[in-house]
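[1] fold the stuff below for me.
(one chain, ligands or ions: 2)
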Amino acid sequence: MIIDRTFERAEMLEPAINADLLESGVSALSPIANDLDELSQAIESIAEIGDRAISSSTRKLQQRLRRAEPSVTMIGQVKSGKTSLVNAMIGCPDLLPADVNPWTSVVTSIHLSSRPLVDSARAVFRFFEEDEWKRLMQGGGRLGELAGRAGADDDLAKVAAQLETMRTKSLYRLGDKFELLMGQEHKYGFLDAELVERYVCLGDDFETDHDTSTTRGRFADITKSADLYMYRPEYPVDLCIRDTPGVNDTFMMREQITMRAIRESRSCVVVLSAHQAMSSVDLALIRLIANIPSRSVVIFVNRIDELADPGGQANTIAESIRQTIKDHHGPEDAQIIFGSAYWANHALRRNVSNMDPESTQALINWAEAETGEMPEDPSGELSSADVWELSGIPKLFEALSSRVSDTVGREVSDYVARSALNLASSLETSAQLVEGPPRDSNVVPLNRKALPAELDRIEERCKQRIADDFAKIVPEFHERLDRANVGFVDRATSALIKHLETYGELSVWTYDPTGLRILLRTAFQVFSRRSTAAIRKVYDEGAKEVCDLYLRGFGMDPDSFSIEPPAVPVLPPPVFLGQTIALDMNAGWWKRWWRSRRGYRAYAADFGDLIKSETDAMVATLKSDYGSATQEAAMKPLLDFISAQRTILNDLSMRGDVCPEDLEDAGLGDGAKQKIAALSAAKQVLMRHLAPSTTEAH
Ligand SMILES: Nc1nc2c(ncn2[C@@H]2O[C@H](COP(=O)(O)OP(=O)(O)OP(=O)(O)O)[C@@H](O)[C@H]2O)c(=O)[nH]1
Ligand SMILES: [Mg+2]
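    Numbers count the residues shown, from 1 in each chain. Ligands and ions are numbered 1, 2, ... in the order given. Sure thing, here's the model as predicted:
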């Protein structure tokens with residue numbers, strides 16, 4: 001059931017913000033928009049040359065371009081200023097509640113549209129399913145699970161008690177609706193700060209608020225995700241920005257959800273607080289980003305306005321961050337940007353003169369370090385434009401722009417360019433039909449009536465090849481994972497025994513699971529390389545066989561005619577390897593677990609069980625996320641490709657011998673030469689948008 005509240009209120013908030021600043025900040029994203037426009041024009045010219053069959057395909061490609069929505073996930077320590085930064089990036093300094101209290105408890109996706117929104121919801125909040133919620137509550141989230149596995153019964157009891165308080169609060173806030181709400185969603189036709197606050201923030205002081213209809217955080221503990229939709233004409237392209245709960249969230253209840261958000265977005269911004277930076281190393285955070293390629297990560301050191309000498313301290317902070325990431329095998333080459341959401345939001349609100357004196361002092365210090373100049377306009381006032389520039393937000397957009405074009409932008413462009421090139425090839429074939437019988441060649445001709453059956457055979461062969469390849473690659477992957485897992489448990493257990501023999505039972509022993517993560521990551525990388533190469537080979541061979549049908553069926557020139565294979569799907573990074581496991585928590589329960597055991601045997605057996613249950617879960621996630629899931633993912637582009645070719649070849653083969661009406665239909669009667677020239681120009685453009693790695697492949 002969907003509760004639709006679309007009509008409660010229709011106005012979206014639009015505070016008197018300085019939209020020019022936002023526009024100049026996000027202008028860094030323009031190259032992506034230009035790429036998409038260029039592709040769109042090339043497709044349009046193909047549509048103009050082609051007939052009706054082509055136009056339905058070109059419409060679909062245009063739609064795909066319009067719907068391209070790259071996403072960026074913001075992650076970081078609690079209170080580093082993720083939400084404040086998001087507010088600045090979306091040009092609504094007060095939309096998402098950012099404060100010491102409340103804290104973000106829900107992954108919130110803000111969908112920014114560069115085109116006006118028509119009749120669609122502005123806010124959609126989804127609640128947990130009942131069983132999911134029960135699992136979280138009764139199992140105590142990851143924290144409870146860990147406490148349970150580590151045998152820390154008293155900790156588990158503490159977690160359970162805290163959760164019970166939370167559940168009671170939820171019941172109190174939600175009343176008898178509680179169970180009815182599970183699995184539901186709430187949709188609204190408007191968006192404002194108060195609405196968002198009701199769903200996405202938890203806080204310590206909320207239970208004192210007795211107003212049951214609009215209380216802050218009223219739905220927050222049962223909300224699983226929030227999707228907000230905004231029209232932002234300042235944005236040259238659509239973009240989705242995801243705000244997430246702080247990594248060291250109390251119950252780690254949302255760890256899985258945050259990891260899923262990172263996995264889905266191809267870029268992520270790690271927000272650190274300048275005064276903590278990485279001095280107090282947050283390993284949970286590093287684990288989370290360790291499995292993402294450096295190219296996809298931007299580190300934003302926020303709150304530099306709180307530093308006494310940001311200009312002087314920045315280099316030291318950057319070095320220490322790099323060292324920490326390197327020490328923990330994370331993405332050490334990630335770009336680091338310094339800034340302040342506080343400055344950005346003041347600039348947007350046009351009230352830079354109201355900033356804290358200390359913050360202003362820090363700004364001046366930072367300006368001198370960055371530009372060598374004072375950020376003042378001729379009247380001696382701080383200028384919003386300078387403050388905005390110094391806030392780091394425009395730099396952040398620049399960094400994101402290149403990442404987005406390299407990842408999602410490139411994938412969309414590549415997909416569209418390939419499909420459009422194949423449409424262009426079909427038009428060339430139409431032209432060949434018009435020009436007359438194929439020229440002499442040593443190609444064995446093929447009756448056009450046989451084309452559909454030939455295509456079916458190609459499809460079957462490709463499917464079979466993928467199945468055969470994966471029948472080898474997947475078991476090898478599983479074997480490698482299992483070997484890593486068993487080897488790790490064995491090594492850890494013998495290290496434990498050695499420790500017991502040397503130091504006895506009273507001295508606490510710890511063991512770092514980084515080694516296991518690295519082995520599992522290597523297994524993933526080997527799998528990724530092998531499966532990608534295998535899929536690419538099958539796609540290339542399939543495209544070559546399809547190309548052959550054109551050569552034989554229509555006498556196309558083998559030197560100039562080609563069919564583009566579909567793009568190989570990109571594997572999402574193995575973010576789940578960063579999941580917290582009991583060995584990561586060696587400070588607390590681990591010590592207690594250790595102390596509560598007596599006797600070598602008890603240690604070894606219990607330890608084996610504990611580690612195995614933790615690492616087995618990690619290995620199982622890897623197996624289910626990749627392996628045969630990758631095989632399935634490889635099928636879709638292949639089937640789409642064959643289906644598009646089926647439409648084209650059916651259409652071409654039905655034309656049979658050319659008669660004057662066909663000439664008109666094909667749009668290649670009069671002025672054919674001009675059209676061929678236009679087609680070749682469009683093809684040139686499309687070729688530029690093919691992703692380099694895949695163009696190299698053939
Ligand atoms: N001085 C200063 N304060 C900031 C800045 N960014 C955020 N804050 C403050 O830090 C506190 C936390 O900010 P949030 O944006 O809620 O931080 P968050 O990372 O989203 O916090 P959680 O969601 O709880 O993890 C608030 O009081 C903000 O006003 C900044 O750049 N400078
Ligand atoms: Mg937040």
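[2] what residue in the stretch 301-450 of the chain comes nearest to ligand 1?
    Y342 (3.3 Å; Cβ to the nearest ligand atom). Every residue, glycine included, has its C-beta placed from N, CA and C.
[3] just checking, that residue touches D305?
    Yes - Y342 lies in contact with D305 (Cβ atoms under 8 Å); the separation is 5.2 Å.
[4] what is in contact with the two at once?
    By the contact definition Cβ atoms under 8 Å, 6 or more residues apart in numbering, Y342 and D305 are jointly contacted by 355, 359.
[5] and the strands in the stretch 301-450 of the chain, which stretches?
    Ranges of strands in the stretch 301-450 of the chain, per DSSP state E, counting those that start in this stretch, are 335-338.
[6] residues contacting the residue of the stretch 301-450 of the chain closest to ligand 1?
    Neighbouring residues of Y342 by Cβ under 8 Å, 6+ apart: 81, 84, 303, 305, 355, 359.
[7] save those residues as a markdown table, and put in neighbour count too.
    Conversion of these to a markdown table gives the following (neighbours: other Cβ atoms under 10 Å):
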| residue | neighbour count |
| --- | --- |
| G81 | 24 |
| S84 | 23 |
| R303 | 27 |
| D305 | 25 |
| M355 | 21 |
| S359 | 17 |
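[8] which two of the residues you listed have the greatest separation?
    G81 and M355 (15.1 Å; Cβ to Cβ).
[9] what residues does this structure have near ligand 2?
    82-83, 104 (Cβ under 5 Å from the ion).
[10] now with 8 Å?
    Residues of the chain lying close to ligand 2 by Cβ under 8 Å from the ion are 79, 82-84, 86, 96-98, 103-104, 201, 243-246.
[11] what comes up buried for stretch 114-127?
    Neighbour-count burial for stretch 114-127 flags 114, 121-127 (criterion: 16 or more other Cβ atoms under 10 Å).
[12] ugh, wrong one, stretch 81-94
    Buried residues in stretch 81-94 (16+ other Cβ under 10 Å): 81-93.
[13] over to stretch 556-573?
    In stretch 556-573, counting by 16+ other Cβ under 10 Å, buried: 556, 561-569, 571-573.
[14] now that stretch: how far from the chain's centre is it?
    25 Å (Cα atoms, centre = their mean, to the nearest Å).
[15] could you do stretch 78-97 as well?
    What separates the centre of stretch 78-97 from the centre of its chain is 19 Å, taken as Cα atoms, centre = their mean.
[16] ok, is that stretch in contact with ligand 1 or not?
    Yes - Stretch 78-97 is in contact with ligand 1 by Cβ under 6 Å from any ligand atom, via 78-84.
[17] nearest to ligand 2 among those residues?
    For the residues of stretch 78-97 next to ligand 1, the residue nearest ligand 2 by Cβ to the ion is T83; the value is 3.2 Å.
[18] that closest one against L96, yeah?
    Yes - T83 is in contact with L96 according to Cβ under 8 Å; the separation is 4.9 Å.
[19] overlap in contacts of these two?
    Residues touching both T83 and L96 (Cβ under 8 Å, 6+ apart): 104, 243.
[20] and the residue nearest the centre of the chain, what does it touch?
    Nearest residue to the geometric centre of the chain (Cα atoms, centre = their mean): S265, 0.8 Å. By Cβ under 8 Å, 6+ apart, the residues touching S265 are 71-73, 240, 242.
[21] tell me how far it lies from ligand 2.
    Distance of S265 to ligand 2, computed by Cβ to the ion, to the nearest Å: 16 Å.
[22] model confidence for that residue, exactly?
    The per-residue pLDDT reported for S265 equals 80.
[23] quick revisit: from the buried residues of stretch 114-127, which land in helices?
    Taking DSSP state H, every one of these sits outside helices.
[24] out of these, who's nearest ligand 1?
    F125 (16.9 Å).
[25] show the contacting residues for that closest one.
    185-187, 199-200, 219, 223, 225-227.
[26] now do 6 Å
    Going by Cβ atoms under 6 Å, 6 or more residues apart in numbering, F125 touches 186, 199, 223, 226.
[27] partners of the first one in the sheet?
    For H186, the beta-bridge assignment (DSSP bridges) gives partners I3, F125.
[28] can you pull the contacts of D482?
    Not one residue lies near D482 by Cβ under 6 Å, 6+ apart.
[29] how much space between it and A290?
    Plainly put, D482 is 22 Å away from A290 if you go by Cβ to Cβ, to the nearest Å.
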